[in-house]
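>>> model this:
(chains A and B)
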Number of protein chains: 2
Amino acid sequence: MIPRLCIFGVGLIGGSLARSLRDAGVVGTVIGCSRDEENLARALELKVIDEYVLDPAAAVDGADMVVVATSLGATATIFDKIAASLGPTTIVTDVGSAKARVVDAARLSFAENFGQFVPGHPIAGTEKSGVDASFASLFHDHRVILTPLAETNRNALTMVTGMWQATGAKVIEMDVQHHDEVLAATSHLPHLLAYALVECLAEMDESNEIFAYAAGGFRDFTRIASSSPAMWCDIAMDNRDALLSVLQHFTSTYNQLICALESKDKDAILATFTRAKTARDRAALPTHK
Amino acid sequence: MIPRLCIFGVGLIGGSLARSLRDAGVVGTVIGCSRDEENLARALELKVIDEYVLDPAAAVDGADMVVVATSLGATATIFDKIAASLGPTTIVTDVGSAKARVVDAARLSFAENFGQFVPGHPIAGTEKSGVDASFASLFHDHRVILTPLAETNRNALTMVTGMWQATGAKVIEMDVQHHDEVLAATSHLPHLLAYALVECLAEMDESNEIFAYAAGGFRDFTRIASSSPAMWCDIAMDNRDALLSVLQHFTSTYNQLICALESKDKDAILATFTRAKTARDRAALPTHK
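Numbers count the residues shown, from 1 in each chain, chains lettered A, B, ... in the order given. Take a look at the predicted model:
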């Protein structure tokens, strides 16, 4: 039970978390806080939150749990603004898609209270954003990765784990660097490729005629290019090192395929496509939820 | 009305075409032909075809319309095998995803009867294949591109257009080279990227652990890497020139994004992502079917 929960950023993730915890009956009062008062008013109207407070320091007053679900770019600023107002047992967690920089920022802001911070990342989302897109079952059967540090308070970790389990999520622990590498590969790289592909086609095709002939596969493939550009720009910048490392891998595979095509090496192309299909089919089954 | 229709390759495309024309009541007898007798027997059992014939030359005997819906790699061979047996008014069409080489092969095989051949390409499909995956509504509201040549018989063109319209498809005409460029950009390049991405991740991750953390966006993005490797290898080889040209464009966009990330040029990344989202959102609406 979380008597008083404060959520920064009541959008797709923050809003869905509030709805889900309320449905599960494990939360008392939900306070919303962000710079977007219009969205907060909408969240209030939708009964996703019970009240909202515009001042970050005032918002966390008396909170048992603080969830920072704003954009990655705003996270460090919020940590700074709330650090002095946190109670001695207030737990803080976040939902950022890249963890190393968030952890650095938290260490700086929270200083001796850094142990109360539990870095978290729910692997869930859609290409939509805002509280109107939020829904209670978003995290159901999805994974939430927590990346606790040596200093992390065990009770805080237990509480954050319990909160996510109450949404129906499966909670996993991973170290910060490994998290950032895995997410760079499975999420940040695909987003970058989807944006690059659509940008490339738009450049080639001033009249947008090309897009008219795109089949369903293309639309699935580029759906993630409809995600929030600001959010994904933040993620790319925040997870820059791991992303550049995985981009190096991808460039190598990509160049090999181009070489095979240039030299008409049909066997090499077929072998690559076949290995990829096998890996995709094997991997897709157990997690297809 | 097509009294006698002969389909080479009764898989997803050929099978769906037969089902659809039968549902529309515009076809008499449907003959299936391919090297895969087991699939033909299954097609017969499913009543997708009325009979099957294993010899290509015999299969087209008396046919009013011949649809070559095998893999691109087998198309030229079939043209060769049937050329001598076609009746004076038999119309031939195909469904290949790349048209220049198919047209070259048809010109060579059909010689003075080349005018009876109408190159075609239905923009429809799923990542599945085989007659069991076929269904009558596959082409409904999808586009079919025909790429007639100067020599193409106008009556043949009208008949093939009518056949596809009977399936609920929208028929468009385009010249061969333009078709191949558009498809390289919107279909062949995305497939190559999806295969390359999955191959890259599989190489990085011997234990397949990475895939377990992939979210929905990744699965959408890589679904097309579950498509038939042999078919897509054929397509890449057949449309090699157009594909290499669009790959050059993509490499340039991709490298610019990497440079921006390396030099921490957040504005450039955000601008690219924003342009891509705008293009994707604008383009996705009218054709989202």
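
>>> from here on, contacts and neighbour counts on C-alpha atoms
Noted.

>>> so what pLDDT did A:R42 get?
A:R42 is assigned a pLDDT of 97 by the prediction.

>>> and A:M204, by the same measure?
pLDDT for A:M204: 86.

>>> mind checking how far the residue nearest to it when sequence neighbours are not counted is from B:V67?
Nearest residue to A:M204 in three dimensions, chain neighbours excluded: B:H249, at 7.8 Å (Cα to Cα, 6 or more residues apart in numbering or on different chains). Distance of B:H249 to B:V67, given as Cα to Cα, to the nearest Å: 34 Å.

>>> so if I had to pick from those two, which one is more boxed in?
Shown here are B:H249 and B:V67; by other Cα atoms under 10 Å in any protein chain shown, B:V67 has more neighbours (24 against 17).

>>> quick check: beta-bridge partners of that one?
B:V67 has these beta-bridge partners by DSSP bridges: B:I7, B:T93.

>>> enumerate every residue touching it.
B:5-8, B:14, B:92-95 (Cα atoms under 8 Å, 6 or more residues apart in numbering or on different chains).

>>> if we go to 10 Å?
Listed by Cα atoms under 10 Å, 6 or more residues apart in numbering or on different chains, the contact partners of B:V67 are B:5-10, B:14, B:17, B:32, B:60, B:91-95, B:117-118, B:120, B:160.

>>> for it, give its distance to B:E45.
Separation of B:V67 from B:E45 (Cα to Cα) stands at 21 Å.

>>> do the same with A:T147
Distance of A:T147 to B:E45, computed by Cα to Cα: 56 Å.

>>> cool, A:K277 as well?
Relative to B:E45, A:K277 is positioned 29 Å away (Cα to Cα).

>>> with neighbour numbers in mind, choose between those two.
A:K277 (24 against 12).

>>> what sits against A:I82?
A:I82 sits next to A:55-61, A:66, A:92, A:109-110 when contact means Cα under 10 Å, 6+ apart.

>>> nearest to chain B: which residue in the stretch 101-250 of chain A?
A:F221 (4.1 Å; Cα to the nearest Cα).

>>> and that residue, what is it in contact with?
A:F221 sits next to A:190-191, A:193-194, A:197-198, B:187, B:190-191, B:193-194, B:217-224 when contact means Cα under 10 Å, 6+ apart.

>>> burial count for A:M163?
By other Cα under 10 Å, 22 other residues sit near A:M163.

>>> in what helix or strand does A:H121 lie?
Per DSSP states H and E: A:H121 is located in strand A:120-122.

>>> counting contacts, what elements does that strand pack onto?
strand A:91-94, strand A:143-146, helix A:154-166, strand A:170-173 (3 or more Cα pairs under 10 Å, 6 or more residues apart in numbering or on different chains; DSSP states H and E).

>>> can you pull the buried residues of the first one?
This points to strand A:91-94. If you call a residue buried by 16 or more other Cα atoms under 10 Å in any protein chain shown, then strand A:91-94 has these buried ones: A:91-94.

>>> ok, the longest one next?
For helix A:154-166, burial by neighbour count (16+ other Cα under 10 Å) applies to A:156-157, A:159-161, A:163-166.

>>> of those residues, closest to A:A83?
A:A156 (16.1 Å; Cα to Cα).

>>> so the helix or strand A:D267 falls within, near chain B or not?
Assigned by DSSP H and E, A:D267 belongs to helix A:266-284. Yes. With Cα under 10 Å from any Cα of the partner chain as the criterion, chain B is reached by helix A:266-284 at A:266-284.

>>> what's that helix packed up against?
If you count contacts as 3+ Cα pairs under 10 Å, 6+ apart, helix A:266-284 packs onto helix A:240-262, helix B:189-204, helix B:209-212, helix B:216-222, helix B:229-238.

>>> can you redo those as TSV with distance to B:R22?
Converted to TSV, these look like this (distance: least, Cα to Cα, whole Å):
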stretch	distance to B:R22
helix A:240-262	40
helix B:189-204	32
helix B:209-212	42
helix B:216-222	33
helix B:229-238	27
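
>>> so which of those gets nearest B:A76?
Nearest of the helices and strands packed on helix A:266-284 to B:A76, taken as Cα to Cα: helix B:229-238 at 11.4 Å.

>>> any idea how far B:A212 is from A:R143?
A:R143 sits 9 Å away from B:A212, going by Cα to Cα.

>>> neighbour-wise, which of the two wins?
A:R143 (23 against 16).

>>> what's opposite that one in the beta bridge?
Applying DSSP bridges, one finds that A:R143 bridges with A:K170.

>>> quick one, what contacts it?
Contact analysis of A:R143 by Cα under 10 Å, 6+ apart lists A:121-124, A:164-165, A:168-172, A:287, B:212-215.

>>> point out the residues in the stretch 51-200 of chain A that sit beside chain B.
On the criterion Cα under 10 Å from any Cα, chain B has as its neighbours in the stretch 51-200 of chain A the residues A:122-127, A:142-145, A:179, A:181-183, A:185-200.

>>> quick check on the most centrally placed residue in chain A: phi, psi?
Centroid-nearest residue in chain A, with Cα atoms, centre = their mean: A:S97, separated by 3.8 Å. Main-chain dihedrals, A:S97, degrees, to the nearest 10: phi -80, psi -10.

>>> one step back: state the distance from the residue of the stretch 101-250 of chain A closest to chain B to A:K99.
Counting by Cα to Cα, the gap from A:F221 to A:K99 is 26 Å.

>>> OK, contacts around A:G73?
A:G73 makes contact with A:96, A:102, A:230-231, A:233-235, A:237-238 under the criterion Cα under 10 Å, 6+ apart.

>>> could those residues go into CSV alongside pLDDT?
Formatted as CSV, the contacts of A:G73 follow (pLDDT from 0 to 100):
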residue, pLDDT
A:G96, 95
A:V102, 97
A:A230, 92
A:M231, 90
A:C233, 95
A:D234, 93
A:I235, 94
A:M237, 95
A:D238, 93
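
>>> those, buried ones only, as a ChimeraX selection?
Of those, the buried ones go into a single ChimeraX selection, burial set by 16+ other Cα under 10 Å:
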select /A:96,102,230,231,233,234,235,237,238
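
>>> for the contacts of A:G73, which one is nearest A:S85?
A:V102 (19.1 Å).

>>> show me which residues of the regular element (helix or strand) spanning that closest one are buried.
Secondary structure from DSSP H and E places A:V102 in helix A:100-110. Under the neighbour-count criterion of 16+ other Cα under 10 Å, helix A:100-110 has A:100-103, A:105-107, A:109-110 buried.

>>> between which two of the residues you listed is the distance greatest?
Farthest-apart pair in these is A:A100 and A:F110; separation 15.4 Å (Cα to Cα).

>>> give me the domain ranges for chain A.
Following automatic domain parsing, chain A resolves into domains at A:2-174, A:178-284.

>>> picking that back up, can you redo the buried residues of helix A:100-110 as JSON lines with distance to B:D132?
Compiled in JSON lines, the buried residues of helix A:100-110 are given as follows (distance: Cα to Cα, whole Å):
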{"residue": "A:A100", "distance to B:D132": "49"}
{"residue": "A:R101", "distance to B:D132": "50"}
{"residue": "A:V102", "distance to B:D132": "50"}
{"residue": "A:V103", "distance to B:D132": "52"}
{"residue": "A:A105", "distance to B:D132": "55"}
{"residue": "A:A106", "distance to B:D132": "55"}
{"residue": "A:R107", "distance to B:D132": "58"}
{"residue": "A:S109", "distance to B:D132": "60"}
{"residue": "A:F110", "distance to B:D132": "60"}
